[in-house]
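Enquirer: Have a look at this prediction, sequence included:
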Amino acid sequence: MNAKLLLKMLLLLAILLLLVIMGMNNPEVVHLRLPPILPKARTLAAPAALMYFGFFAVGLLSGAILTAGKKGGGSSGSSRGKGDR
């Protein structure tokens, strides 16, 4: 197994462990207000553990989407063509 992949997996597991600990110690319902997105009279009420999981999932998915197209090797902006001599 690749050492870099193993380190990434251990970091992800540590973050998930913190997520579980926060969820277990914060069982009460929290209210989320987002005036630019949700109407002013509406708030989202959910258990804190579910909110933590949702925020973590959104961050994980957005990071995966941002890094999905990258391939190893070469720099993107500093390559010179044949006519640039």
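Expert: Done, it's in. Numbering: from 1, shown residues only.
Enquirer: got a list of what the spatially most central residue of the chain touches?
Expert: Within the chain, the residue whose C-alpha comes closest to the C-alpha centroid is residue 59; the distance, by C-alpha atoms, centre = their mean, is 1.9 Å. Applying C-beta atoms under 8 Å, 6 or more residues apart in numbering to residue 59 gives no contacts. C-beta: built from backbone N, CA, C; applies to glycine.
Enquirer: Please repeat the previous calculation with a cut-off of 10 Å.
Expert: Going by C-beta atoms under 10 Å, 6 or more residues apart in numbering, residue 59 touches residue 15.
Enquirer: can you tell me the helix or strand for it?
Expert: In the assignment (DSSP states H and E), residue 59 maps to helix 48-67.
Enquirer: And for residue 14?
Expert: With the criterion set as DSSP H and E, the secondary-structure element containing residue 14 is helix 3-25.
Enquirer: Parallel or antiparallel, list what pairs with the very next helix or strand once past that helix.
Expert: Taking DSSP H and E as the definition, the helix or strand that follows helix 3-25 towards the C-terminus is strand 29-32. Strand 29-32 has its sheet partners listed here by DSSP bridges as strand 44-47 (antiparallel).
Enquirer: Quick one: mean pLDDT over the strand it pairs with.
Expert: When pLDDT is averaged over strand 44-47, the result is 85.
Enquirer: okay but residue 47 is in contact with residue 27, surely?
Expert: Yes. With contact defined as C-beta atoms under 10 Å, residue 47 and residue 27 form a contacting pair (6.3 Å).
Enquirer: so who does residue 46 touch?
Expert: Residues in contact with residue 46 (C-beta under 10 Å, 6+ apart) are 29-32, 53-54.
Enquirer: For it, give its distance to residue 65.
Expert: Counting by C-beta to C-beta, to the nearest Å, the gap from residue 46 to residue 65 is 24 Å.
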